[in-house]
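no sequence for this one, just the structure:
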């Protein structure tokens, strides 16, 4: 039996999402995709189903912290929230990550990216999880005096973890946490190693107003906390004096980090020059709109990044900052946040192709003759009315 499903938005993973389109299924096989009226003429005897809002491949969640899944949603200012997470660090464990993996099953995903802070979590993801993804080993080390030791420890861990990788499933990556929680000298060592080992990279960057203030003047709550905890000045940590022309993206540019094309997470507090440098280097960016709102970080300037052709993916961050791990909840929030400035077709493409490119995974593409499961009706998950 042939079924024809009209949809307001169809995305096959190729080109751009199509409006006023349709899909024809023959049992469990995709028989055709294309403009609605054209398919109605070509398949006059197909049983027409109710109109869907969006039909596309399953999305990707390009940035998660699965090991925070036992922590409750706790909207605070960014610096206060980080302190709260540190106080509850014992909850970041394998049980919490396994809970997060269960939550990732709805909606179905084409892949995911996870920041991993515990060795037992990394071992589990690499050896047990049978789905595509990237698990990024998290490294912190703002004290430059510790750079050599932390680097050597990281190399040893990577060697151990690489033996657990299985083709087609979760891949090992590396994440120097941020441009201010990893000293300049350690950041260069880690990124040089990642390039030599062909390890995917993610770096949190330009997330909060406190971070902006740290780079601009070396002052503020975040800077004061770091200097007190690590007994080093911001100048010593960064390897350069904070100044009004320095941004966190500028720090990556100064150290040659952008040349490695890391995926940059958040990128809220940026200048137009920062975005130009990101585009020139070919770095993808992942935005997590709900987390940015909950932690009072601001709004990602999606139209600015689009103007320079930067590839954008979508992530949920953690339950503790984003409330759920459902990337389609992120799309609903983003649709309300941006309105017509960022059309739904842009959000859908970002959640599929943008996310896969951010993770370095094969972008989902469906063609005639492929299995029906390659396309998903997003309507129920988005809970959007048929306009």
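Structure received. The model shown is predicted, which means the values in this text are computed figures rather than measured ones. Residues are numbered from 1 along each chain as shown.

Show the average pLDDT along stretch 233-243.
Stretch 233-243 shows a mean pLDDT of 94.

Now the terminal residues of it, how far apart.
From the first residue to the last, stretch 233-243 extends over 14 Å; the measure is CA to CA, to the nearest Å.

next one: stretch 106-125
Start-to-end, stretch 106-125 (CA to CA) is 18 Å.

Quick one: residues in contact with stretch 19-35.
Where contact means CB atoms under 8 Å, 6 or more residues apart in numbering, the residues beyond stretch 19-35 that reach it are 1-10, 12, 18, 36, 39-40, 42-43, 46, 55, 345, 366-375. C-betas here are computed from N, CA, C, even on glycine.

can you give me the mean pLDDT across it?
Across stretch 19-35, pLDDT averages out at 96.

now do stretch 374-387
When pLDDT is averaged over stretch 374-387, the result is 71.

about what we covered before: can you say which of the contacts of stretch 19-35 are buried?
For the contacts of stretch 19-35, a burial check counting by 16 or more other CB atoms under 10 Å picks out 3-10, 12, 18, 36, 39, 43, 46, 55, 345, 366, 372, 374-375.

Could you list which of those belong to helices?
The helices, defined by DSSP state H, take in 36, 39, 345 from these.

Of the buried ones among the contacts of stretch 19-35, which belong to strands?
Residues of the buried ones among the contacts of stretch 19-35 located in strands (DSSP state E): 3, 4, 5, 6, 7, 8, 9, 10, 18, 55.

Looking at those, spot the one nearest residue 186.
Of all these, the one sitting nearest residue 186 is residue 9; the distance, using CB to CB, is 44.4 Å.

Let's see the pLDDT reported for the closest residue to the closest one other than its chain neighbours.
Using CB to CB, 6 or more residues apart in numbering and skipping residues adjacent in sequence, the residue nearest residue 9 is residue 54, 4.7 Å away. Reading off the per-residue confidence, residue 54 sits at a pLDDT of 95.

just to revisit the earlier point, format the ones in helices among the buried ones among the contacts of stretch 19-35 as JSON lines; extra columns: distance to residue 241.
As requested, those are exported to JSON lines (distance: CB to CB, whole Å):
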{"residue": "36", "distance to residue 241": "60"}
{"residue": "39", "distance to residue 241": "63"}
{"residue": "345", "distance to residue 241": "45"}
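
who touches the most far-flung residue of the chain relative to its centre in this structure?
The outermost residue of the chain, judged by C-alpha distance from the chain's mean C-alpha position using CA atoms, centre = their mean, is residue 45 at 42.8 Å. Applying CB under 8 Å, 6+ apart, we find residue 45 in contact with residue 2.

again with residue 334
When the contact criterion is CB under 8 Å, 6+ apart, the partners of residue 334 are 287, 289, 314, 342, 347.
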